[in-house]
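Asker: sequence below, structure please.
(2 chains)
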Number of protein chains: 2
Amino acid sequence: MLRSRVRMKEYSHPPLEEVTLPAVMQALSDPCRIAIVRTLLEGGELACNGVPLDISKATRSHHFAILRDAGLVATRVEGTRCMSSVRKEEFEERFPGLLELVLQHEK
Amino acid sequence: MLRSRVRMKEYSHPPLEEVTLPAVMQALSDPCRIAIVRTLLEGGELACNGVPLDISKATRSHHFAILRDAGLVATRVEGTRCMSSVRKEEFEERFPGLLELVLQHEK
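Answerer: A predicted model of the protein is given here:
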């Protein structure tokens, strides 16, 4: 009975076909968010707080939320952690070449 | 002597190697600016006010300035008109695939 009161946080992810080019560009207009995407591309799935960034927890959550809303990142809950990864294949299909630009660009 | 007092407006254009990925993404995060770039890509060099947009002259100038600062667009003065075009080859070399995304994306 106790367990039924525990609500797991769930993250929502838009279908890629609903994501527009301006929205994706907006999501990638921040150096911090570009760094998150690059780190996830290089490292695969990582705990959200496992991406090394010198920013507050609130700012980090904000950046991840923007990346999720733009269809770039998927987040799932695993126990007490949230694990994130780039929606690589479906994003590449919708916006070909964009992830490669993020990977190639100098830090 | 009179002629020497007339100052032609000149536009400045950054070298592409100084343009960063976040800056380009920011420039392309607006539907209006995406429309400008697409129209110029399709039409070649056009007068700045020849791009059909339902916006004020000031807003139009603002959008063109952002596109110039991001290395996307070059503007030159011709008589009383300003003519703009996409810096296609050099932009493609620096950010391969990005102009194609702009062209391909639905209006």
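Asker: sheet-wise, list the partners of the helix-or-strand element of chain A with minimal mean pLDDT with their directions.
Answerer: None of the helices or strands of chain A scores lower by mean pLDDT, DSSP states H and E than strand A:46-47, at a mean of 89. In the sheet, strand A:46-47 lines up against strand A:81-86 (antiparallel) (DSSP bridges).
Asker: could you give the mean pLDDT of the partner strand?
Answerer: Average pLDDT, strand A:81-86: 93.
Asker: next, the buried residues of that strand.
Answerer: Buried residues in strand A:81-86, counted by 16 or more other Cβ atoms under 10 Å in any protein chain shown: A:82-84, A:86. Quick note: C-beta positions are derived from backbone N, CA and C, even for glycine.
Asker: tell me which two of the residues you listed sit farthest apart.
Answerer: Within the buried residues of strand A:81-86, A:82 and A:86 form the most distant pair, 14.7 Å apart (Cβ to Cβ).
Asker: enumerate every residue touching the residue nearest to the spatial centre of chain A.
Answerer: For chain A, the residue nearest the mean C-alpha position is residue A:73 (2.8 Å; Cα atoms, centre = their mean). By Cβ atoms under 8 Å, 6 or more residues apart in numbering or on different chains, the contact set of residue A:73 is A:36-37, A:40, A:64, A:67, A:84-87.
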